[in-house]
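# Fold the following and give me the result.
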Amino acid sequence: MAATPQDPAVAPRRKVSRHRGEGQWAVGHFTPLNGNEQFKKDDDGLNVRTRIETIYSKRGFDSIDPNDLRGRMRWWGLYTQRKPGIDGGKTAILEPEELDDKYFMLRVRIDGGRLTTEQLRVIGEISQEFARGTADLTDRQNVQYHWIRIEDVPEIWDRLEAVGLSTTEACGDTPRVILGSPVAGIAEDEIIDGTPAVEEIQRRIIGNKDFSNLPRKFKSAISGSPLLDVAHEINDVAFVGVNHPEHGPGFDLWVGGGLSTNPKIGQRLGAWVPLDEVADVYEGVISIFRDYGYRRLRNRARLKFLLADWGVEKFRQVLEDEYLQRKLVDGPAPAQPVARWRDHVGVHRQQDGRYYVGFAPRVGRVDGATLTKIAELAEAHGSGRVRTTVEQKMIVLDVEEGQVDSLVEGLEALDLTARPSSFRRGTMACTGIEYCKLAIVETKARGASLIDELERRIPEFDEPITININGCPNACARIQVADIGLKGQLVLNDAGEQVEGYQVHLGGALGLEAGFGRKVRGLKVTSDELPDYVERVLKRFQAEREDGERFAAWATRASEEALS
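Below is the predicted model:
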């Protein structure tokens, strides 16, 4: 691997133009070009843990330095949450200190979605004791607490780390959680188990100061499942299981995916990577981002912008020549998945003859007491392992055939169904205005009520459908790649009043035919109108679809009138 670039703090001064480039370290631009780059240069985000443990947790919220509060504390999974009572119209108007509550969201990173029942029980207990029962499942396989006091953070870390869990670099300009197939190593149809690569990347990269000052967040995914079950298309780097005709099972390399306000689908580099080289290639890609990534403007500081400027050919050449010092093997693209869903919900046979059971909470909203009960239920049915998914779902592994029905019944009693409707199965929601300082509208409760309404109104609807609800334009809930994507904003109702509502995106998709949904001109709905609108457009789809046609394909060809 290439050596880490010279520390910017001690780098020789260079004469630069007034523009000073894009802040790329590899071309000598070490001078911080914005406040975020300055506070990272002043002190590595990983160092804030000591101050949290020795100062802030003892002196309280008001003792926290602002650059730690709204910057470095993210390196340990901490964001201040939204102060209650602030409506969405003030989100973009108020200063950060006016939006900040004196409580935190704390994100527990769960690489590969892998949990033991002991770990899940500890997560549930922490939720009940320190987080007012909150414990949301995210679409990146993590768990998020709210209402965390700074005084309690060291104790929470101690309890998590005692069972092998961490919040290290769960947020911030860092290598975030590594997504992995939740059925890695157990699925009957698996191409290759990526677990060893996830573990090696964790060992090398996470908490390593060589990679703790990136231009912005870095998202990654590894899966050997033919279902393409980790949303690889929208990660900065992804390794997708394929069978090479000469070399056998390995991974197809993708880079440069991402959503937010300038979405990009990741691109194949055309390279096949064997399992034991995945960590090397990952290190090379993240090093390119660290060294060549744009640091001048935050809204261009993602890998997707560098790839767009360089192109695939140059990116692969730099990776091979400067970082790997060898050529990568050309390889095939992954096959088109044949399954209707990619979420592993339901009852499925494992390689060893036992079964795994995937189930669906409502829009990822659970609580600590429920997570503790899931751990107990899994153990009572012979399992010591559970998994989180990238669809805000969970899975219990290693269930004997004779225990399956009893487990499913136990989950149903907790309102966690392994046989969900298409609406419950396919609806996701971000945190929303309840806790998020960026949000404009409510999401979780809106998503849950929408599921109930659609189940009542269209009980016969059984087609795969994804309905993703986001509280702001940042796309944490992946609105651009949903069948029906709902971007929160303030809209006018029939009385001319400003109310919560959504801009509608239709026909987005992931998979090998991945694409972004279309926006119908002027199509916005109020929150109150939402169930009527979704019912109307789904009934039109049922009436107009061709045999076997999926919603995304229909929405792409449908008239604006049909989509309104």
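# what's the closest non-adjacent residue to the spatially most central residue of the chain?
Taking C-alpha atoms, centre = their mean as the criterion, residue 140 is the residue nearest the geometric centre of the chain, at 3.1 Å. Closest residue in space to residue 140, ignoring its immediate chain neighbours: residue 177 at 5.6 Å, by C-beta to C-beta, 6 or more residues apart in numbering. In short, each C-beta sits where N, CA and C put it, glycine included.
# Residue 63 too?
Among residues not flanking residue 63 along the chain, residue 56 sits closest, at 5.6 Å (C-beta to C-beta, 6+ apart).
# Next: residue 418.
With sequence-adjacent residues excluded and distances taken as C-beta to C-beta, 6+ apart, residue 418 is closest to residue 359, at 4.5 Å.
# Run through the residues that contact the one you found.
Shown in contact with residue 359 (C-beta atoms under 8 Å, 6 or more residues apart in numbering): 345, 393, 394, 395, 396, 411, 416, 417, 418, 420.
# that older thread, just confirm the residue nearest to the centre of the chain is within a strand.
No. Residue state for residue 140 (DSSP: H, G, I helix; E, B strand; the rest coil) corresponds to coil; a strand is not indicated.
# Figure out the length between the terminal residues of stretch 187-205.
28 Å (C-alpha to C-alpha, to the nearest Å).
# Stretch 356-369 too?
22 Å.
# Mind listing what's buried along that stretch?
356-368 (16 or more other C-beta atoms under 10 Å).
# Could you do stretch 148-164 as well?
Neighbour-count burial for stretch 148-164 flags 148, 150, 152, 153, 154, 156, 157, 159, 160 (criterion: 16+ other C-beta under 10 Å).
# One more: stretch 79-98?
Within stretch 79-98, the residues that qualify as buried are 79, 80, 81, 82, 86, 88, 91, counting by 16+ other C-beta under 10 Å.
# what's the spacing between the last one and residue 211?
To tie it back to what came earlier, the one meant is residue 91. To residue 211, residue 91 is 32 Å away according to C-beta to C-beta, to the nearest Å.
# related to what we said a few turns ago, list the contacts of the helix or strand hosting the residue nearest to residue 140.
For residue 177, the element it lies in under DSSP states H and E is strand 175-180. Contacts to strand 175-180, defined as C-beta under 8 Å, 6+ apart, come from residues 109-114, 140-142, 169-170, 194-195, 198, 201-202, 205-206, 211, 214, 217-223, 230-231, 235, 286, 390.
# 7 Å instead, please
109-113, 140-142, 169-170, 194-195, 198, 201-202, 205-206, 211, 217-223, 230, 235, 286, 390 (C-beta atoms under 7 Å, 6 or more residues apart in numbering).
# In CSV: the buried residues of stretch 356-369, plus pLDDT and distance to residue 310.
Formatted as CSV, the buried residues of stretch 356-369 follow (pLDDT from 0 to 100; distance: C-beta to C-beta, whole Å):
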residue, pLDDT, distance to residue 310
356, 98, 41
357, 98, 44
358, 98, 39
359, 98, 43
360, 98, 40
361, 97, 41
362, 96, 42
363, 97, 38
364, 96, 36
365, 96, 41
366, 97, 42
367, 97, 45
368, 98, 45
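# Secondary structure for those - can I get that in CSV?
Putting these into CSV (three-state DSSP) gives the following:
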residue, secondary structure
356, strand
357, strand
358, strand
359, strand
360, strand
361, coil
362, strand
363, coil
364, coil
365, strand
366, coil
367, strand
368, helix
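# Let me have the residues you listed in JSON lines, extended by distance to residue 263.
Formatted as JSON lines, the buried residues of stretch 356-369 follow (distance: C-beta to C-beta, whole Å):
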{"residue": "356", "distance to residue 263": "32"}
{"residue": "357", "distance to residue 263": "34"}
{"residue": "358", "distance to residue 263": "28"}
{"residue": "359", "distance to residue 263": "30"}
{"residue": "360", "distance to residue 263": "26"}
{"residue": "361", "distance to residue 263": "27"}
{"residue": "362", "distance to residue 263": "26"}
{"residue": "363", "distance to residue 263": "22"}
{"residue": "364", "distance to residue 263": "21"}
{"residue": "365", "distance to residue 263": "26"}
{"residue": "366", "distance to residue 263": "29"}
{"residue": "367", "distance to residue 263": "32"}
{"residue": "368", "distance to residue 263": "34"}
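# just those now: which is nearest residue 247?
Closest approach between those and residue 247, by C-beta to C-beta: residue 356, at 29.4 Å.
# any idea how far the closest one is from residue 265?
From residue 356 across to residue 265, the span is 30 Å (C-beta to C-beta).
# now swap in residue 355 and tell me
34 Å.
# Tell me which of the two has more neighbours.
Applying other C-beta atoms under 10 Å to residue 355 and residue 265 shows that residue 355 carries more neighbours, namely 21 against 18.
# so who does the more buried one touch?
Applying C-beta under 7 Å, 6+ apart to residue 355 gives the contacts 347, 348, 349, 399, 401, 404.
# re earlier: so which of the buried residues of stretch 79-98 is the closest to residue 385?
When the buried residues of stretch 79-98 are compared for distance to residue 385 (C-beta to C-beta), residue 79 wins out at 29.4 Å.
# name the element the closest one belongs to?
In the assignment (DSSP H and E), residue 79 maps to strand 78-82.
# what is the mean pLDDT for that strand?
Per-residue pLDDT over strand 78-82 has a mean of 97.
# And that strand, how far out from the chain middle?
Between the centre of strand 78-82 and the centre of its chain there are 17 Å (C-alpha atoms, centre = their mean, to the nearest Å).
# Any stretches of this protein with poor pLDDT?
Along the chain, segments meeting pLDDT under 70 span 1-20, 512.
# mind listing the helices for the stretch 451-564 of the chain?
Using DSSP state H, counting those that start in this stretch, the helices of the stretch 451-564 of the chain run over residues 530-544, 551-557, 560-563.
# So which of the ones you listed is nearest residue 312?
Nearest to residue 312 among the helices of the stretch 451-564 of the chain is helix 551-557 (25.4 Å), distances taken as C-beta to C-beta.
# quick one: contacts of the closest one?
463, 465, 483, 506, 507, 508, 509, 518, 541, 544, 545, 563.
# you'd agree residue 135 is up against residue 125?
No. At 10.3 Å, residue 135 and residue 125 do not qualify as touching, with contact defined as C-beta atoms under 7 Å.
# picking that back up, quick one: which of the contacts of residue 359 is nearest residue 249?
Minimum distance to residue 249 across those is 22.6 Å, recorded for residue 395 (C-beta to C-beta).
# show me the contacts for the closest one.
182, 183, 344, 356, 357, 358, 386, 387, 389.
# Pretty sure it sits in a strand.
Yes. Applying three-state DSSP, one finds residue 395 inside a strand.
# how near is it to residue 378?
10 Å.
# which neighbours do these two share?
Listed as contacting both residue 395 and residue 378 by C-beta under 7 Å, 6+ apart are residue 386.
# OK, contacts around residue 117?
Neighbouring residues of residue 117 by C-beta under 7 Å, 6+ apart: 375, 378, 379, 383, 384, 386.
# tell me the phi and psi of it?
With angles defined as degrees, to the nearest 10, residue 117 sits at phi -60, psi -30.
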